[in-house]
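S.K.: Kindly return the folded structure for what I paste below:
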Amino acid sequence: MPDVRDTYRLPADSDRPEPPNLDAQRRTRPRVTGRQVTTRRLIGALVLVVPLVWALGRALPVGHDIVNRGGARLIGDLLGQALSPRLDGDFLRLVLEATGTTLAFAAIGTAGALVIGLLGGLVLSDVAWTHRPPRTVRAVRVVLRGLLVATRSIHELVWALLLVSVLGLDPLVAVLAIALPFGAQTAQVFGDTFDGLPTSALHSLRNAGATTMPAVAFALLPPASPLMLSYAFYRFECAVRSTVLLGAVGVGGLGQELVVSLSSRNWDEVWTLIAAVIIVSALVDAWSGRLRADMAVASCSEWSAGAAPEPPGGVAPRRSRSRWARWSALAIIPGLVAAWLASGVSLSGLTSSRTRALTGGLVEDLLPPKLPAGGWSVVGDAVLDTLAMAVVAMAIAVLITVVIAPWAVTTRAQGGAPGSLPARIARRMAWALARIGLLVLRSVPPTVWAVIALLALFPGILPGALALGVYTGGVLGRLVAESWESVSPVPRNALLRSGVPGALATLAAVVPASAHQLLTYTLYRFEICVRETAVVGIVGAAGLGRLLSENLNLFRFPVVSTLLIASFAVSVSSELLSRRLRRAIRA
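M.R.: I've put the predicted structure just below:
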């Protein structure tokens, strides 16, 4: 992967920041003793181990059956059909149409998220408001920030369930369910991107008498466009997987066909649809990765950290001369037009009298919130189950990452693969298998993994944790492998020249240097995993997601309101805790 530091042009002398005074920094930096380092490491180990022990104890209760022996035959039937998927013309035509629907929903939803993100990012950005904004604008920014946090804390599948009660099984449900939470996340990223850019041109235009909008349009958006384009295609990559997830609601696409085939236990159809999902994910991943590599602005691992990379010295990234990036940018508008025409999405449903009446009725039903049967103890148990599920899932994901990700690192990033020809061929095959394995794990929706887990296990925390862990392991493994590729190969090559075996040299040179990224990405994915517990809860796992699904099916909307508030509180708390721990790690 290209180094992000190569993506930024050198500043002019007038813009070059003053070199830091290292001597002054050394004099003012507090001295850290060996005892303090040991104490911090011990506290960090306890922070990781104690929640894991507690979560395992909750997920594996003593005296309760966990394994469903009756499901062994069903799993055998599922695996037995792996080599004989359904490939007749009629079904392949259905799969092709569902693939087009999935891509169309993902494209339109991503476009909506980018519009929301651009407007929200400009409002939240401190740089866009060169002078202190009026009191009214400051109040709007506070309210908007709270709304964005609340919007992104609710999973897109939960948004789809709520929207279905208002819009029915309209294609617009899938688009809005992607656009709303993704737009809230995009607003945060774009706001951070704007604040990381140089402001000299913006100040010059403002001092020359330009108003806010023209100054932003000519001085802020052009230098930010490479990063914004890179993030747009990264979001599209994520939206494709999320659109497959929405099939559980019944809005169409590959996800809906998967749910139908799983429900009817047509395992040959399931394998064909899973293959289609993997192929689509691979193509979109390759396209998005090629774009980011050619533009050399940001990798998937950097975007997945939740914000744009900070330009060194506050210098804007240079414009990309990549032909691939130019053609990708030119394909956006025709692609969106084609997606809109193919999907049948219409905005008329938002303004109809029926929608207004159903929306008003839904708001009245949601308020005031009420507790479920059993009171606070039921909600508290669901919250604890949700947290335990997320902790166990992340432990499984880290285990998958540690086992598979080292093999997924390109030999080029390691300075080549010395050794005999058979050894190099074996290493290349291991790399391909690891990459394909991680792709399969993250391409198959967690709902599908949960259904498979529930064939072998009784409903509870463990099947949900396994489903989320396998899916998150594919995502986390990719991020960590990408970060390992950025580690300098010089230490490893030096160890190899001194006679250290290849595997040991890789462990000694790569793992310590990248342990920080592994821990950082694990904490960030934990935030996402807490929200995604709602996904596996819908198909029968434990936690707030199961309670939410049950009460939505029974139209107990006041209870749903309480559960949404509890889910919001858990998501925000986990996000704040994760950020606090990541800051402590950086410090």
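S.K.: What does Thr211 show for phi and psi?
M.R.: phi -80, psi 180 (degrees, to the nearest 10).
S.K.: what's the burial count for it?
M.R.: By other Cβ atoms under 10 Å, the residues close to Thr211 number 9. The C-beta positions use only the backbone N, C-alpha and C, and glycine is treated the same way.
S.K.: which residue ranges form the strands in the stretch 201-350 of the chain?
M.R.: Using DSSP state E, counting those that start in this stretch, no strands are found in the stretch 201-350 of the chain.
S.K.: for it, which spans come out with low pLDDT?
M.R.: 295-322 (pLDDT under 70).
S.K.: switch to 50 and redo it
M.R.: 307, 312-315, 319 (pLDDT under 50).
S.K.: Over to the chain?
M.R.: 1-20, 22, 24-26, 307, 312-315, 319, 413-415.
S.K.: ok, Gly191 - contacts?
M.R.: Residues counted as contacts of Gly191 (Cβ atoms under 8 Å, 6 or more residues apart in numbering) are 120-122, 124-125.
S.K.: In which helix or strand does it reside?
M.R.: For Gly191, the enclosing helix or strand under DSSP states H and E is helix 171-195.
S.K.: Val500 too?
M.R.: Using DSSP H and E, no helix or strand contains Val500.
S.K.: was I right about it contacting Ala508?
M.R.: Yes. Counting by Cβ atoms under 8 Å, Ala508 is a contact partner of Val500 at 7.1 Å.
S.K.: one step back: closest one of the contacts of Gly191 to Ile461?
M.R.: The closest of those to Ile461 turns out to be Gly120 (Cβ to Cβ; 35.6 Å).
S.K.: what's the nearest residue to Pro51 if we skip its chain neighbours?
M.R.: Val391 (5.1 Å; Cβ to Cβ, 6 or more residues apart in numbering).
S.K.: Tell me, how many residues neighbour the one you found?
M.R.: 23.
S.K.: dump the residue contacts of it.
M.R.: So Val391 contacts 51-52, 54-55, 526 (Cβ under 8 Å, 6+ apart).
S.K.: Repeat that for Leu548.
M.R.: 158, 161, 534, 537-538, 560, 563-564, 567.
S.K.: let's see it at 7 Å
M.R.: Listed by Cβ atoms under 7 Å, 6 or more residues apart in numbering, the contact partners of Leu548 are 158, 534, 537, 560, 563.
S.K.: quick one on the thing from earlier: widest-spaced pair of the contacts of Gly191?
M.R.: Across these (Cβ to Cβ), the longest gap, 9.4 Å, separates Gly120 and Ser125.
S.K.: Which elements pack onto the helix or strand hosting Arg492?
M.R.: Per DSSP H and E, Arg492 falls inside helix 490-497. Judged by 3 or more Cβ pairs under 7 Å, 6 or more residues apart in numbering; DSSP states H and E, the packing partners of helix 490-497 are helix 502-538.
S.K.: roughly how far out does the helix or strand following the helix it packs on sit from the chain middle?
M.R.: From helix 502-538 onward toward the C-terminus, using DSSP H and E, the following helix or strand is helix 544-553. Chain-centre distance of helix 544-553: 23 Å, with Cα atoms, centre = their mean, to the nearest Å.
S.K.: tell me the angle helix 544-553 makes with helix 502-538.
M.R.: 20 degrees (axes from the mean of the first three to the mean of the last three Cα atoms, to 10 degrees).
S.K.: immediately after helix 544-553, which helix or strand?
M.R.: helix 557-586.
S.K.: list the buried ones in that next one?
M.R.: Neighbour-count burial for helix 557-586, with 16 or more other Cβ atoms under 10 Å as criterion, is recorded at 557-564, 566-568, 570-571, 574-575, 578, 581-582.
S.K.: swap in stretch 247-261?
M.R.: 247-249, 251-259, 261.
S.K.: how far does stretch 534-546 sit from the chain's center?
M.R.: When distances are taken as Cα atoms, centre = their mean, stretch 534-546 is centred 19 Å away from the chain's centroid.
S.K.: ok, back up a step: among the contacts of Leu548, which one sits closest to Val379?
M.R.: Scanning those for proximity to Val379, where the rule is Cβ to Cβ, the winner is Leu563, at 7.3 Å.
S.K.: Could you check how far the residue nearest to Pro51 is from Thr522?
M.R.: Per Cβ to Cβ, to the nearest Å, Val391 is found 11 Å from Thr522.
S.K.: Name the nearest residue to Leu163, sequence neighbours excluded.
M.R.: Here the residue nearest Leu163, using Cβ to Cβ, 6+ apart, is Val173, at 4.5 Å.
S.K.: That neighbour and Leu462, how far apart?
M.R.: Distance from Val173 to Leu462, by Cβ to Cβ: 31 Å.
S.K.: So for those two, which residue has more residues nearby?
M.R.: With neighbours defined as other Cβ under 10 Å, Val173 and Leu462 compare such that Val173 has more, 27 against 23.
S.K.: For the more buried one, which residues are in contact?
M.R.: 160, 163-164, 167, 251.
S.K.: wouldn't Trp484 be in contact with Trp407 here?
M.R.: No. If you go by Cβ atoms under 7 Å, Trp484 and Trp407 don't touch, sitting 10.7 Å apart.
S.K.: The residue lying closest to Ala128 once chain neighbours are set aside and Arg141, how far apart?
M.R.: In this structure, Ala128 finds its nearest non-sequential neighbour in Leu122, 4.9 Å apart by Cβ to Cβ, 6+ apart. Using Cβ to Cβ, Leu122 is found at 11 Å from Arg141.
S.K.: Any figure for the gap between Phe194 and Gly474?
M.R.: 32 Å.
S.K.: if you count what's nearby, which of the two comes out ahead?
M.R.: Neighbour totals were compared for Phe194 and Gly474, and Phe194 leads with 26 against 22 (other Cβ under 10 Å).
S.K.: ok, the more buried one - contacts?
M.R.: 121, 125, 127-128, 220, 224.
S.K.: Give me the neighbour count for the residue nearest to Ala128.
M.R.: Around Leu122 there are 20 residues (other Cβ under 10 Å).
S.K.: Then Ala106?
M.R.: 29.
S.K.: So that it lines up with my notes, have the first residue be 3 from now on.
M.R.: With 3 as the first residue, the last one maps to Ala108.
S.K.: Now do the same contact list for the residue lying closest to it once chain neighbours are set aside.
M.R.: Excluding the flanking residues, the one nearest Ala108 by Cβ to Cβ, 6+ apart is Ala241, at 4.0 Å. The contact partners of Ala241, by Cβ under 7 Å, 6+ apart, come to 108, 111-112, 180, 184.
S.K.: Closest to Ile335 out of those residues?
M.R.: For the contacts of Ala241, the nearest to Ile335 is Thr112 (13.4 Å; Cβ to Cβ).
S.K.: sorry, back to before: can you redo the contacts of Phe196 as a markdown table with distance to Arg429?
M.R.: Shown next, in a markdown table, are these (distance: Cβ to Cβ, whole Å):
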| residue | distance to Arg429 |
| --- | --- |
| Gly123 | 43 |
| Ser127 | 46 |
| Val129 | 47 |
| Ala130 | 49 |
| Leu222 | 46 |
| Ala226 | 40 |
